[in-house]
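> this one's structure only:
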């Protein structure tokens, strides 16, 4: 199964990442951070069409470049620069502020989860710059104390998620049923073990959308309208 079944092409997003890196080097200390959008979803929901539409709307509204960031992008950045896991932070230096933030999670880091910690640090570093749409990564929980971040979640009924996975992975419905159940259980376990949190908790989010009932462009339009009305 090709990676593009679930995620958009990395090439354009890598260019946006490098643009953001360049902006980081010229960022004026103390400047107000740009807005950030996090998209959480139940497994089987279709976050990427929403995220891509959000980036498009946000770029038109702000007249600035925006980045769609997820696990595949952060992995690609590391591989592109031949960066080892202990060098994942590529934007600036790790500040004391970052250490203080992650101290709240420290009891939950284990040897086999250090890579996730590094990804989380990358999430926070990008979020401090802004103009980012995060998909997954537990970003709503990681950045919950950051005032420039707006959090949204996609949910859907079981049949919608199964149909979506069956179509995108080109597998029988019976196999899709198993994939949805097992992957959701694994995702919940990881967030619980690594961040001591429950992604299903509605109070983490500014809004929750039924992905099976609302078209992705409409979801993106509502999110962008709320974010740009309330930023700053």
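Arrived safely. Note that the coordinates shown come from a computational prediction; the quantities given were computed from them, not determined experimentally. Numbers count the residues shown, from 1 in each chain.
> Low-confidence ranges, this structure, go.
For the chain, the stretches with pLDDT under 70 are 1-10, 16, 18-31, 77-118, 232.
> what's the helix ranked longest in the chain packed up against?
Taking DSSP state H as the criterion, the chain has its longest helix at helix 173-195. Counting contacts by 3 or more C-beta pairs under 8 Å, 6 or more residues apart in numbering; DSSP states H and E, helix 173-195 is packed against helix 139-142, helix 158-169. C-beta: built from backbone N, CA, C; applies to glycine.
> where's residue 221, which helix or strand?
Element membership for residue 221, per DSSP states H and E: helix 216-230.
> Not counting that helix itself, show me its contacts.
Outside of helix 216-230, the residues within contact range by C-beta atoms under 8 Å, 6 or more residues apart in numbering are 35, 37, 46, 49-51, 53-54, 57-58, 61-62, 150, 152, 154, 206-207, 209, 211.
> thinking again about what came up before, residue 67: which of the helices and strands packed on helix 173-195 is closest?
helix 139-142 (12.5 Å; C-beta to C-beta).
> buried stuff in that closest one?
139-142 (16 or more other C-beta atoms under 10 Å).
> and what of stretch 167-177?
So for stretch 167-177, counting by 16+ other C-beta under 10 Å, buried means 176-177.
> Look at that stretch and report the distance between its end residues.
With C-alpha to C-alpha, to the nearest Å as the measure, stretch 167-177 spans 12 Å from end to end.
> distance between that stretch and the chain's centre?
Distance of stretch 167-177 from its chain centroid, counting by C-alpha atoms, centre = their mean, to the nearest Å, is 25 Å.
> and what of stretch 46-55?
In terms of C-alpha atoms, centre = their mean, the centre of stretch 46-55 is found 11 Å from the chain centre.
> Pull out the buried positions in that stretch.
46-48, 50-55.
> so what's residue 149 up against?
Residue 149 neighbours (C-beta under 8 Å, 6+ apart): 35-38, 127, 139-140, 143.
> Could I have the PyMOL command that selects the buried members from the residues you listed?
Selection of buried members from the contacts of residue 149 for PyMOL, criterion 16+ other C-beta under 10 Å:
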select buried, resi 35+36+37+38+127+139+140+143
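> Which member of the contacts of residue 149 is positioned nearest residue 119?
residue 139 (9.9 Å).
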